[in-house]
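Peer 1: here's my sequence, what's the structure:
(2 chains)
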Amino acid sequence: MTPEEMQAAIEALQGLSNTNLEIFYYWCTAIMILIHAGFLMYEMGASRVKHSLASGTKNILAFAFMIPTFYMFGWLIYLSMWQGFTYDPVWGEFGLPMSAIMGPNMADQATGVFWGAFTLFACTTASILSGAVIERIRMASFVVLAVILGSVVWNLAASWGWHPAGWLVTEFGYHDAVASGVVHTISGFFALGVLINLGPRIGKFNTDGSANVIRGHSLPMTITGLMLIVVGFFGFIGACVLYNYGTNGGWVNIYGGPTTLSAYLFNTLMAVAGGIIGCYACTRDPFWMMSGALCGVISAAAGLDLWYPPLAFAIAFAGGFLGPWAAKQIEKMGIDDAVGAVAVHGVCGVWGLLAVGIFLGGYPGFSSWDGFEVPPINMTGQVVGAAVMIATGFIPGYVLSWIFNKLGILRAGDGVQRDGMDNELEGIAYPEEIRSR
Amino acid sequence: MFNSSPITSWEGAEAIFTYADSPLGMAVCFWIMTAMLIVPLAVSYKAEEKAEIDHQ
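Peer 2: Just a heads-up that it's a prediction; the model follows:
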């Protein structure tokens, strides 16, 4: 083989390698859709029969509205707002909806698959909100809130803390490898802001403030949905890993720090197991046992690239205790979170960020793939990051829902709730007249 | 019917999506999509108002 032929062969292999990577992200995105199939089953099962179709419809509409709005401005915000509230036109140009790379382009194989993965992250945030507000939020207002959360709020936070140049990363060493903060904390606290203004379902609280259990119509459907979410998480987690972007070579985390796919599999599986067992141990409730998988993964997510697997298990196990406990405290405050989204995503997300500060302090800094210097992991960075995530999620959720409430377009009236939200739709969930209690 | 192709040859082609060479064409498609998001929401608000009255 001549040197020229050798060079040609190397270039051909390099091209094949790039193509395979795009296929990797393509399928990660496809698997992520299972998260939404899971949330769909989860929410419908957690709803009473008379509300079940409305819960499912709301979830699917959020998914559908998220995709075009993320194309219109979501991707642009993520790419360009890494300095804070200042737009960076250099990065922004790559996310403008009329950019030459925001569509089929023979010279750019990658933008579409990365845009797709981030769009699915956005859809996940909307699904988190969706579960918390079932059985009483008005459909159109929910869609608007979901779009604001998924296509504006979370991507702003992601640009700050989940971007190689983000100010939380480069100034504070904030570490959130698989989005405990930028997806889960943001969404959980956005949901809390909305729930405060939305109010509880009719019959949830008694006049003395004590809470009643409102059971969904199909716990098996809910549990199966939660398991599908876990399957979808493997696509989510795969899409959080990048390859060959920068000087490190090999796989890198979202910031450009060295990692391996093995790290993510070791620790994700451990976290799923730890969360399930932790939740089962403290509740013996099938609903919470399966929600424990989410508690576990979310608790371990921020450091999935670095945990010793038994430590990931222990952190997830603690998350499995924390989730149901936090849900009880939220209920005692008179807030009706129908599926425990604030506890599972918001509180466990914060725990995940702090766990990184507690156990991963001292991991050295590195040059991100965009050339920025990232400081070592430290507790201050994690605390600052957690505070920013809580505020960035809660404030817009509270303010927007407060405005909607004042306009009278947030909450369905008592009559609609009493007769069933499904009455607003064409179709019947169970024509055989299965009735809720 | 609509001549939307931005290329005349596949040789050296880059952006190949419809109206890639026409900012006006892209803008029209973009704003049509925007309207297609807003109108269903408005319809939904209206239907919800009617449901509120029907179920009082």
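
Peer 1: find the nearest non-adjacent residue to residue B:33, please.
Peer 2: Excluding its sequence neighbours, the residue lying closest to residue B:33 (C-beta to C-beta, 6 or more residues apart in numbering or on different chains) is residue A:68, at 5.8 Å. Where you see a C-beta, it was placed from the backbone N, CA and C, and this is true even at glycine.

Peer 1: how about the secondary structure of that neighbour?
Peer 2: Three-state assignment for residue A:68 (DSSP: H, G, I helix; E, B strand; the rest coil): helix.

Peer 1: residue A:141 contacts residue A:408, correct?
Peer 2: No - using C-beta atoms under 8 Å, residue A:141 is not in contact with residue A:408; the gap is 10.0 Å.

Peer 1: neighbour count winner among these two?
Peer 2: Neighbours were counted for residue A:141 and for residue A:408 using other C-beta atoms under 10 Å in any protein chain shown; residue A:141 has more, 25 against 11.

Peer 1: how would you label the residue nearest the centre of chain B: helix, strand or coil?
Peer 2: Centroid-nearest residue in chain B, with C-alpha atoms, centre = their mean: residue B:33, separated by 2.0 Å. Here residue B:33 is recorded as helix under three-state DSSP.

Peer 1: so what's residue A:113 up against?
Peer 2: A:22, A:25, A:26, A:29 (C-beta atoms under 8 Å, 6 or more residues apart in numbering or on different chains).

Peer 1: chain A contacts on chain B?
Peer 2: Applying C-beta under 8 Å from any C-beta of the partner chain, one finds that chain B approaches chain A through B:13-17, B:20, B:23, B:26-27, B:30, B:33-34, B:37, B:41-42, B:44-45, B:47-48, B:51-52, B:54-56.

Peer 1: out of those, which are buried?
Peer 2: B:15-17, B:20, B:26, B:30, B:41, B:44-45, B:48, B:51-52, B:55 (16 or more other C-beta atoms under 10 Å in any protein chain shown).

Peer 1: tabulate these (CSV), appending pLDDT.
Peer 2: Listed next are these as CSV, based on pLDDT from 0 to 100:
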residue, pLDDT
B:15, 93
B:16, 94
B:17, 95
B:20, 93
B:26, 95
B:30, 96
B:41, 94
B:44, 93
B:45, 93
B:48, 91
B:51, 89
B:52, 88
B:55, 85
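
Peer 1: adding secondary structure and distance to residue A:134, write the residues you listed out as JSON lines.
Peer 2: Listed next are these as JSON lines, based on DSSP: H, G, I helix; E, B strand; the rest coil; distance: C-beta to C-beta, whole Å:
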{"residue": "B:15", "secondary structure": "strand", "distance to residue A:134": "43"}
{"residue": "B:16", "secondary structure": "coil", "distance to residue A:134": "43"}
{"residue": "B:17", "secondary structure": "coil", "distance to residue A:134": "39"}
{"residue": "B:20", "secondary structure": "coil", "distance to residue A:134": "42"}
{"residue": "B:26", "secondary structure": "helix", "distance to residue A:134": "38"}
{"residue": "B:30", "secondary structure": "helix", "distance to residue A:134": "33"}
{"residue": "B:41", "secondary structure": "helix", "distance to residue A:134": "19"}
{"residue": "B:44", "secondary structure": "helix", "distance to residue A:134": "17"}
{"residue": "B:45", "secondary structure": "helix", "distance to residue A:134": "19"}
{"residue": "B:48", "secondary structure": "helix", "distance to residue A:134": "16"}
{"residue": "B:51", "secondary structure": "helix", "distance to residue A:134": "17"}
{"residue": "B:52", "secondary structure": "helix", "distance to residue A:134": "18"}
{"residue": "B:55", "secondary structure": "coil", "distance to residue A:134": "18"}
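
Peer 1: ok, so of the residues you listed, who is nearest residue B:8?
Peer 2: residue B:16 (11.4 Å; C-beta to C-beta).

Peer 1: test my guess that residue A:108 contacts residue A:101.
Peer 2: Yes - counting by C-beta under 8 Å, residue A:101 is a contact partner of residue A:108 at 4.5 Å.

Peer 1: mind listing residues that contact whichever strand or helix holds residue A:352?
Peer 2: Taking DSSP states H and E as the criterion, residue A:352 maps to helix A:348-359. Helix A:348-359 is contacted by residues A:175-176, A:180-181, A:183-186, A:188, A:294-295, A:298-303, A:307, A:311, A:315, A:318-319, A:322-323, A:326, A:377-383, A:385-386, A:389-390 when judged by C-beta under 8 Å, 6+ apart.

Peer 1: give me the subset of these that lies in strands.
Peer 2: The members of the contacts of helix A:348-359 all map outside strands under DSSP state E.

Peer 1: what subset of these is buried?
Peer 2: Buried members of the contacts of helix A:348-359, counted by 16+ other C-beta under 10 Å: A:175-176, A:180-181, A:183-186, A:188, A:294-295, A:298-303, A:307, A:311, A:315, A:318-319, A:322-323, A:326, A:377-378, A:381-383, A:385-386, A:389-390.
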